[in-house]
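Test case, fold it:
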Amino acid sequence: MKIKYSEAFYSIQGEGRWVGTPSVFLRMFGCNFECRGFGQGRDKSKWLPKKYMPHVTDPNRMNYKSYHDLPVPEIGCDTSASWSHLYKHIATNEENSVIAEKLLNLTPHKNWDGIHLILTGGEPMLWQKQLPDLLSQEEFAGLEHITIETNATQKLTPFFKNFLDAYKIHITWSCSPKLGISGEDWKDAIKPEVVQEYNRVRNSELYLKFVVQDNKDIKEVKTAQHAYGLNAPVYLMPCGGTVEGLEFTEKDVAELALKYGYRFSPRLHVHLFGNAWGT
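Have a look, this model is predicted:
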């Protein structure tokens, strides 16, 4: 089996429950959302149309040879090139055995001692058919922890659920449902039955992580939290894909977390590396 991915890299986890943990990331290609609203404010009449979004109008788009050459857009999804068909020419499509070997070789000592594996995207749950084969490769012997970073809209297939229930490695579901500020519709983004199903997977834990800008987003957070009906940790993460963008939201979101009793998630990789690809 093959998986198409945009990048594989070794870095620290910059968000959520395991922030600061040394991790190998596999950023899988493709997503069911675009999240055009991030960084564009609340007045949708002023949003750029899809055809004028930065990842579409980039004049150098066809000249890039690697994701490491790409800029990170200041508006919209900060990993838009990991799902847009306009960038599929620089994505990698490889056999799972080759990917597994590459991921192992990214670890500092060629073993998984103390290292987490992060499946991210895009939307990694679009690859449920291929993931059991990938995760069964012998290169993952010794791996103890996987985080799946998902927008929490993709229902578990029976095949993948059975695989995970029998899996010996601990799974963290990092669920990041999209609020109105993302530009996605509530009915498409908030899927309580999907998250509840993830939460029932054996040997797993789950948390919710909402990207917010200000106090106006808290009502949506509370409504979504009630809809999910889970006693799961809730993180607020500031909107902003660049250091400059975070300067406008980070402190305010931290204060909101304190006010309402939520956990705060930084975007540590942005501060350390400028949210460059491969970080």
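
quick one: the strands in this protein?
Counting by DSSP state E, the chain forms strands over residues 2-12, 22-28, 92-95, 116-120, 145-150, 170-175, 204-212, 234-238, 263-264, given from the N-terminal end onward.

Nearest to Leu134, out of these?
Comparing those against Leu134 with Cβ to Cβ, the closest turns out to be strand 2-12 (6.3 Å). Backbone N, C-alpha and C define where each C-beta goes, glycine included.

Quick one: list the elements packing against that closest one.
Using 3 or more Cβ pairs under 8 Å, 6 or more residues apart in numbering; DSSP states H and E as the contact definition, the elements that strand 2-12 packs against are strand 22-28, strand 92-95, helix 96-106, helix 268-273.

picking that back up, can you tell me which of the strands of the chain comes nearest to Lys102?
Nearest of those to Lys102, taken as Cβ to Cβ: strand 2-12 at 5.7 Å.

Would you mind measuring the gap between the ends of stretch 249-267?
Stretch 249-267 has its terminal residues 12 Å apart, counting by Cα to Cα, to the nearest Å.

ok, now which ones touch Leu268?
Residues touching Leu268, when contacts are defined by Cβ atoms under 8 Å, 6 or more residues apart in numbering, comprise Ile12, Gly14, Glu15, Val19, Gly20.

ok, so of these, who is nearest Phe159?
When those are compared against Phe159 (criterion: Cβ to Cβ), the nearest one is Glu15, at 28.8 Å.

where does the closest one land on pLDDT?
According to the per-residue confidence, Glu15 scores 96 in pLDDT.

List the contacts of it.
Applying Cβ under 8 Å, 6+ apart, the residues contacting Glu15 are Ser174, Lys209, Met237, Ser265, Pro266, Arg267, Leu268, His269.

related to what we said a few turns ago, could you redo the strands of the chain as TSV and give each row mean neighbour count, distance to Asp58 and mean pLDDT?
Listed next are the strands of the chain as TSV, based on neighbours: other Cβ atoms under 10 Å; distance: least, Cβ to Cβ, whole Å; pLDDT from 0 to 100:
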stretch	mean neighbour count	distance to Asp58	mean pLDDT
strand 2-12	19	15	97
strand 22-28	22	19	98
strand 92-95	14	20	98
strand 116-120	22	22	98
strand 145-150	22	25	98
strand 170-175	21	29	98
strand 204-212	21	23	97
strand 234-238	22	25	96
strand 263-264	15	33	98
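
possible to save these as CSV with distance to Trp186?
Supplementary listing: the strands of the chain in CSV, determined by distance: least, Cβ to Cβ, whole Å:
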stretch, distance to Trp186
strand 2-12, 28
strand 22-28, 25
strand 92-95, 34
strand 116-120, 24
strand 145-150, 17
strand 170-175, 16
strand 204-212, 13
strand 234-238, 17
strand 263-264, 23
